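*Asks:* structure of the sequence below:
(chains A and B)
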Amino acid sequence: QKEVEQNSGPLSVPEGAIASLNCTYSDRGSQSFFWYRQYSGKSPELIMFIYSNGDKEDGRFTAQLNKASQYVSLLIRDSQPSDSATYLCAFERGDSTLTFGKGTMLLVSP
Amino acid sequence: DGGITQSPKYLFRKEGQNVTLSCEQNLNHDAMYWYRQDPGQGLRLIYYSQIVNDFQKGDIAEGYSVSREKKESFPLTVTSAQKNPTAFYLCASMGGGPQETQYFGPGTRLLVL
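*Replies:* Purely as a prediction, here's the structure:
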């Protein structure tokens, strides 16, 4: 079974700090990785996607991928209370389907 | 507005009843997906369809059925064989180009009376 592991949290950070969310995956053949944000009671929305080793930056968000270590992370700089949500990591299984982790809850306190 | 719509927002099912959840997209996406989410859990794939008139079982297809008669529509039926149907159901779609990803509808919350 191809799996994604995430710490369920909650991860608590003060406003303005950097939040670091981590994810490991089991399928060495995975090529595409995604971070979704899900507010309570709402559907997931895409935050970042990354395909190549290294860092990818988009505004306050940076995704980091290390395929050798089977590790992907999401950094949120200058965290805001509005960033408080559950962050889901996912990877593509090669048949256009995604495998999702259970998510990490982030709480940003004012 | 382009997007994915799901209806109803809330659905109540009586014992032994089949219910159908609607999912429509106007993004001209080929692929569509149904997921189930239980509290504190990630998304689990129920069924998916990569082209009209074709669909495949996901990880938890038992007790569910789907159809894909039109590109825009991918309804999910929760049958009476699904003994624990209470969950948040999410529909997603994806385009066919390179480096595409899945986009989600607003979801339907199914509750058992």
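*Asks:* isn't residue B:77 up against residue B:19?
*Replies:* Yes: using Cβ atoms under 8 Å, residue B:77 is in contact with residue B:19, at 7.1 Å. Every C-beta, even on glycine, is put in place using the N, C-alpha and C of the backbone.
*Asks:* neighbour count winner among those two?
*Replies:* residue B:19 (19 against 14; other Cβ atoms under 10 Å in any protein chain shown).
*Asks:* give the contact list for the more buried one.
*Replies:* When contacts are counted by Cβ atoms under 8 Å, 6 or more residues apart in numbering or on different chains, residue B:19 touches B:11, B:13, B:77, B:78, B:110.
*Asks:* for those residues, which one is nearest residue A:35?
*Replies:* Distance to residue A:35 across those (Cβ to Cβ) is lowest for residue B:110, with 27.0 Å.
*Asks:* which residue is the nearest non-sequential neighbour of the closest one?
*Replies:* residue B:11 (5.0 Å; Cβ to Cβ, 6 or more residues apart in numbering or on different chains).
*Asks:* what sits against that neighbour?
*Replies:* B:19, B:21, B:108, B:109, B:110, B:111.
*Asks:* got CSV for the residues you listed, with secondary structure and pLDDT too?
*Replies:* Below are those laid out as CSV (DSSP: H, G, I helix; E, B strand; the rest coil; pLDDT from 0 to 100):
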residue, secondary structure, pLDDT
B:19, strand, 95
B:21, strand, 97
B:108, strand, 97
B:109, strand, 96
B:110, strand, 95
B:111, strand, 92
